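> Structure for this input, please:
(one chain, ligands or ions: 2)
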Amino acid sequence: MIIVMKPDASQSHIRKVVEVLEKNHLKAHLSKGKQLTIIGVIGDKSVLSEANLEAMDGVERLVPITESYKLSNKKFKPEPSVIKVKGFSIGGGRFSIVAGPCSVESREQLLKTARFLKTQGVCFLRGGAFKPRTSPYAFQGLGQQGLEYLKEAAEETGMAIVTEVTSMKTLEIAIDYADVFQIGARNMHSFELLKEVGKAGKPVVLKRGLSATIDEWLNAAEYIMREGNNRVILCERGIRTFETATRNTLDISAIPVIRNKSHLPVLIDPSHATGVRDYIVPLCKAAMAVGADGIMVEVHPAPSEALSDGAQSLDFEDFKKMLSELKPLAELCGKVMDR
Ligand code: PEP
Ligand code: MN
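Ligands and ions are numbered 1, 2, ... in the order given. Purely as a prediction, here's the structure:
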């Protein structure tokens, strides 16, 4: 349920409502917009008299929230969220770029990529140290050594590090290195892990599960947010369909659907969505046109030598070309790109 306060409700009206909620062991989440203050209520509402609440000074109306996700729900917080990381932000009219190799493979590979991306104005460096590979015989990542290289790259360039955690154990290791945790598609349903990243207090890029519905995805975000962490960035990375021309199918409609249902920012990942580098630029353009808050894209100094996902990685020239095509479009779409 949400409590919509009257436009002229005073601070004292708001405080009194919150006091009543807390006295009844309910959690109140305040969302102060330009026009209205909304108080989101979480907990067992059977203890409350809704009629009494509705009669309180400053209260305009009570609105039930029927969806199972609350904190990520746009009804709870109508204004789009802007997620701040290390002085950079995602959401709020920006078109952010998270870029870097699929896997951290060596110090040289990572630093070369980070230095290049820095020259292109990219603020978020991605790179996997713990790789959730389909085959146990495929390259599994450098582990903590990979995180050391990411840290070195961040110290040199000032970029924010986005890196995947796959378990409680890897979360504990990565906590000293990551600026943003990534929860991969395969772990979107790992609820215990979601709770732990919620408690860890760092921003989280939450990828959509391989065959998760949008409601399941928002419920996964809810698991993180319920632990007191509001800094969740959604990432649409393609879903499983019958189509085999691409690795997955980018659900472009998920972007306006999320916009409609949630205040959280949403990125697309055209690399994992397609598995084919040629499709990255057209899908980035589509994402920008439908209102995405940015992209996560794989970049490698020599994609043909990559230890994972080379076919869907851009080289430096392709990356520059992508930016040159996106920049004029950003202006048309009312988006600001980092420079
Ligand atoms: C990744 O971004 O490195 C990755 C493994 O992606 P996903 O979880 O979307 O497959
Ligand atoms: Mn990858």
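> Can you tell me the closest non-neighbouring residue to the residue in the stretch 201-339 of the chain positioned nearest to ligand 1?
Distances between the stretch 201-339 of the chain and ligand 1 by Cβ to the nearest ligand atom are smallest at residue 237, namely 3.8 Å. Every C-beta, even on glycine, is put in place using the N, C-alpha and C of the backbone. Once flanking residues are discounted, residue 237 sits nearest to residue 269: 4.0 Å by Cβ to Cβ, 6 or more residues apart in numbering.
> roughly how far apart are that neighbour and residue 70?
26 Å (Cβ to Cβ, to the nearest Å).
> and those two? which has more neighbours close in?
residue 269 (27 against 22; other Cβ atoms under 10 Å).
> Touching, that one and residue 295? I think so.
Yes. Using Cβ atoms under 8 Å, residue 269 is in contact with residue 295, at 7.0 Å.
> Quick one: name the residues of the protein near ligand 1.
By Cβ under 6 Å from any ligand atom, the part of the chain that sits against ligand 1 consists of 102, 128, 132, 164, 184, 185, 186, 207, 237, 269, 272.
> which ones among those residues are found in strands?
164, 207 (DSSP state E).
> which one among the residues of the chain next to ligand 1 gets closest to residue 308?
Nearest to residue 308 among the residues of the chain next to ligand 1 is residue 102, at 4.5 Å by Cβ to Cβ.
> Give me the neighbour count for that closest one.
Count around residue 102 with other Cβ under 10 Å applied: 24.
> which residues does the residue in the chain positioned nearest to ligand 1 contact?
Taking Cβ to the nearest ligand atom, ligand 1 has its nearest neighbour within the chain at residue 184, 2.9 Å off. The neighbours of residue 184, taking Cβ atoms under 8 Å, 6 or more residues apart in numbering as the test, are 132, 164, 166, 207.
> now the third one, nearest residue through space, not along the chain?
If the residues on either side of it in the chain are set aside, residue 166 comes closest to residue 130, at 4.9 Å by Cβ to Cβ, 6+ apart.
> need the helix or strand of this protein with the lowest average pLDDT.
helix 50-54 (a mean of 87; mean pLDDT, DSSP states H and E).
> Just the C-alpha atoms of that one, please, in CSV.
Presented in CSV, the C-alpha positions along helix 50-54 are these (Å, rounded to 0.1, in the frame of the first residue of the first chain):
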residue,chain,number,x,y,z
GLU,A,50,-7.1,2.1,7.0
ALA,A,51,-10.1,4.3,7.7
ASN,A,52,-8.2,6.0,10.6
LEU,A,53,-5.1,6.4,8.5
GLU,A,54,-7.1,7.9,5.6
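> Now do the helix or strand just after that helix: which elements does it pack against?
Going down the chain from helix 50-54, the next helix or strand is strand 59-63, by DSSP states H and E. For strand 59-63, the elements it packs on are strand 2-5, helix 50-54, judged by 3 or more Cβ pairs under 8 Å, 6 or more residues apart in numbering; DSSP states H and E.
> swap the cut-off to 6 Å and go again
Secondary-structure packing of strand 59-63 (3 or more Cβ pairs under 6 Å, 6 or more residues apart in numbering; DSSP states H and E): strand 2-5.
> what helices or strands is the strand it packs on leaning on?
In terms of contacts (3+ Cβ pairs under 6 Å, 6+ apart), strand 2-5 is packed against strand 37-42, strand 59-63.
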